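*Asks:* just to be clear, the model below is a prediction. Sequence and coordinates:
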Amino acid sequence: SLQALQTQLPAGPLKRILHAIGQDLLGGYTLSQAFGRYPESFDPIFIGLLRVGEAGGLLEEVLKRLAEFYAWDLELRAQIKQALQYPLIVLSTLCVALAIMVAFVLPRFSAYFGSLRISLPIQTQLVLAASRLLVHYGWLLGLALVGGLIAFWRYVQTERGRLWWHRRLLRLPLVGSLLLQLAMSRFARTTAALNASGIPMLETLALAGQSVNNRYIESGLGKVRERVRGGEPLAK
């Protein structure tokens, strides 16, 4: 089966990984052990279900369930991308238009108002001052922005930073509720697939928590798991 898949795939990382997995199987590894050696390509849910399928003689059923799960996940991602495509295009267009206004249009208005020698409203003065600042010191502001983004990116790569950022994302207007619903949908779907395959609830909660792609929600599910371990019902 793995050799047949390799012949259908174009040259790339996945083809090389499948070849290596085939060699591992010839070397005595089980299927879950062979796939588990490549965690960057196969997530813990995939490996966990393979392990259950091997142990219970349900590998065919488990693989079908995995196929259905990942097909649903891909369809959901495609729907989200399609829903966000138009707002992103509009936002990008507005940013370009605003940059043109600040760099080329507002400076001409500033010179024109200056020649009239009239008292301008404070709001207009602030806008013109911001335009002059960006025109003369835009490069410096750009460097500061890039430096700030790099520092922010490094911070959110830490455990504390990721927890803080994922918590803030859930509080964003409109987007936060969408992200929460997406995480809960993914959690419910994953839990259903794992539970139907006979994986114990504690392991199910651990694996399903990793599927939500939000460290803050995952930490909350970790607390749920500890309470279930202590004897509390799942609903409570």
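*Replies:* On my side now, so go ahead.
*Asks:* poorly predicted segments of the protein, please.
*Replies:* 114 (pLDDT under 70).
*Asks:* need the residue closest to the centroid of the chain.
*Replies:* Asn213 (5.9 Å; C-alpha atoms, centre = their mean).
*Asks:* and the gap between that residue and Phe109?
*Replies:* 46 Å (C-beta to C-beta, to the nearest Å). Heads up, the C-betas are built off the backbone N, CA and C, glycines and all.
*Asks:* again with Ser211
*Replies:* Taking C-beta to C-beta, one finds Ser211 at 53 Å from Phe109.
*Asks:* swap in Ile199?
*Replies:* Relative to Phe109, and taking C-beta to C-beta, Ile199 is found at 66 Å.
*Asks:* cool, and Ala183?
*Replies:* 47 Å.
*Asks:* more crowded one of these two?
*Replies:* Ala183 (20 against 14; other C-beta atoms under 10 Å).
*Asks:* just checking, what packs against the helix or strand hosting Thr7?
*Replies:* Thr7 belongs to helix 2-8 when assigned by DSSP states H and E. Judged by 3 or more C-beta pairs under 8 Å, 6 or more residues apart in numbering; DSSP states H and E, the packing partners of helix 2-8 are helix 13-26.
*Asks:* report all helices and strands that the helix or strand hosting Lys81 contacts.
*Replies:* Element membership for Lys81, per DSSP H and E: helix 59-100. Counting contacts by 3+ C-beta pairs under 8 Å, 6+ apart, helix 59-100 packs against helix 44-56, helix 175-196.
*Asks:* could you dump the longest one to PDB, C-alpha only?
*Replies:* Taking Å, rounded to 0.1, in the frame of the first residue of the first chain, the C-alpha atoms of helix 175-196 are listed here in PDB:
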ATOM      1  CA  VAL A 175     -13.300  37.200  15.300                       C
ATOM      2  CA  GLY A 176     -13.000  36.000  18.900                       C
ATOM      3  CA  SER A 177     -16.400  34.300  18.900                       C
ATOM      4  CA  LEU A 178     -15.600  32.700  15.500                       C
ATOM      5  CA  LEU A 179     -12.300  31.300  16.800                       C
ATOM      6  CA  LEU A 180     -14.000  30.000  19.900                       C
ATOM      7  CA  GLN A 181     -16.700  28.200  17.900                       C
ATOM      8  CA  LEU A 182     -14.100  26.800  15.500                       C
ATOM      9  CA  ALA A 183     -12.100  25.500  18.400                       C
ATOM     10  CA  MET A 184     -15.200  23.900  20.100                       C
ATOM     11  CA  SER A 185     -16.300  22.300  16.800                       C
ATOM     12  CA  ARG A 186     -12.800  20.800  16.300                       C
ATOM     13  CA  PHE A 187     -12.700  19.600  19.900                       C
ATOM     14  CA  ALA A 188     -16.200  18.000  19.600                       C
ATOM     15  CA  ARG A 189     -15.400  16.300  16.300                       C
ATOM     16  CA  THR A 190     -12.000  15.000  17.600                       C
ATOM     17  CA  THR A 191     -13.500  13.800  20.800                       C
ATOM     18  CA  ALA A 192     -16.200  11.900  18.900                       C
ATOM     19  CA  ALA A 193     -13.700  10.200  16.600                       C
ATOM     20  CA  LEU A 194     -11.400   9.200  19.500                       C
ATOM     21  CA  ASN A 195     -14.300   8.000  21.700                       C
ATOM     22  CA  ALA A 196     -15.800   6.000  19.000                       C
END
